[in-house]
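*Asks:* next comes the sequence, and after it the predicted model I'd like to discuss.
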Amino acid sequence: MSRHPDPSESSVRPPDSRRRARSSLVARRMGLRSNLEITTDPRRRLLGLLPSLFTLLNMMSGFLSVLMAITERPQFAAVLIGISVVLDITDGAVARLVRSVTPFGLQFDSLADLVSFGVAPAILAFTVLSGTDLSVAPLGLLASFLWLACAAIRLARFNVTIDPTADKRFFNGLPSPGAAGVLIASVFAFPAPETDSQRFIAVLIVAIPALLMISSIRYRSFRSLISPKSRRPYGLIVFTAALAVGFVLDPAITGCVVAYSYLAIPVLLPARLAIPTG
């Protein structure tokens, strides 16, 4: 005689089993293979660590940016944040290459991003606006904390609303690396503010990207912009060539054009950017 299964036996599983099942489900929906499913091959284990290595380098670059900012070397600090942007894109590409995804990797990446695109830009913004004297510009202190708070809120919102079936070509809100790009470009393009009016403009340069990070405006992802699925990539080739020439001739202005365009176009033309492209 068959015994009906006890619902409590089928529904209650050890925490480790639940983590494995959840990771496997996310991996299958994303077309990847989870590291948690690969436990016997040492080479696969080492490959699974590669994305986390790039994430660690991302965090280290953000930490070094903080050190450069507090020692009043804003351009070095901006360059290091830019390196973090490259490493942040790279760790995702490496994860897809080795077909590795884990809940640990997702959380570790978010913590690294909070350092590199939350703490580091906030401290850089404050040192540019106010130097190292807390009493010089309270408005700069508030703007810098606004950046940090918005970056943290954005990353937390992203973590709790991950939908493997969502359109990965778009982000809700300005991605934190894109917001950091605006600050990086501004550091190189504009001199440090000295008057109250210049400080007010600089505060807007910090506050507007910060608020856009927690907005609901749709932004195209870097991945879809760099490698769109198209059989006619002529426009991308021409744009890349023009970008290379621009950075050679005037990197500061070119960086501002790219960063501010990425920030502004979805705000000015939201309906057009929301139409999916093939």
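*Replies:* On my side now, so go ahead.
*Asks:* what's the distance between residue 55 and residue 111?
*Replies:* According to Cβ to Cβ, to the nearest Å, residue 55 and residue 111 sit 9 Å apart. Placement of C-beta: from N, CA and C, glycine included.
*Asks:* mind checking which of those two has more residues around it?
*Replies:* Neighbours were tallied for residue 55 and for residue 111 using other Cβ atoms under 10 Å; the higher tally belongs to residue 55 (25 against 13).
*Asks:* quick one: residues contacting that one.
*Replies:* Remark: with contacts taken as Cβ atoms under 8 Å, 6 or more residues apart in numbering, residue 55 is in contact with 87-88, 91, 105, 108-109, 112.
*Asks:* restricted to helices, list those residues.
*Replies:* Of the contacts of residue 55, the ones assigned to helices by DSSP state H are 87-88, 91, 105, 108-109, 112.
*Asks:* now, the most widely separated pair of those?
*Replies:* With distances taken as Cβ to Cβ, the most widely separated pair in the ones in helices among the contacts of residue 55 is 87 and 105, at 14.0 Å.
*Asks:* tell me which of these two has more neighbours.
*Replies:* In terms of neighbours (other Cβ under 10 Å), residue 87 is the more surrounded of residue 87 and residue 105; the figures are 24 against 21.
*Asks:* go ahead and confirm the more buried one touches residue 57.
*Replies:* Yes - using Cβ atoms under 8 Å, residue 87 is in contact with residue 57, at 5.2 Å.
*Asks:* for the contacts of residue 55, which one is nearest residue 257?
*Replies:* Nearest member of the contacts of residue 55 to residue 257, counting by Cβ to Cβ, is residue 88, at 21.8 Å.
*Asks:* now do the helices in the protein.
*Replies:* Listed from the start of the chain, the chain has helices (DSSP H) covering 7-11, 15-29, 42-70, 74-97, 103-114, 120-130, 138-160, 176-189, 196-213, 222-226, 234-249, 251-268, 270-274.
*Asks:* make TSV from the ones you listed and add distance to residue 170 to it.
*Replies:* Conversion of the helices of the chain to TSV gives the following (distance: least, Cβ to Cβ, whole Å):
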stretch	distance to residue 170
helix 7-11	36
helix 15-29	17
helix 42-70	22
helix 74-97	15
helix 103-114	18
helix 120-130	23
helix 138-160	13
helix 176-189	13
helix 196-213	14
helix 222-226	8
helix 234-249	18
helix 251-268	9
helix 270-274	8
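*Asks:* pick the most deeply packed of those helices.
*Replies:* Counting by mean count of other Cβ atoms under 10 Å, helix 120-130 has the highest mean neighbour count of the helices of the chain, with a mean of 26.
*Asks:* who does that one touch, helix- and strand-wise?
*Replies:* Applying 3 or more Cβ pairs under 8 Å, 6 or more residues apart in numbering; DSSP states H and E, one finds that helix 120-130 makes contact with helix 42-70, helix 74-97, helix 138-160, helix 176-189, helix 196-213.
*Asks:* by how many degrees do the fourth one and helix 42-70 diverge?
*Replies:* Interaxial angle, helix 176-189 versus helix 42-70 (axes from the mean of the first three to the mean of the last three Cα atoms, to 10 degrees): 40 degrees.
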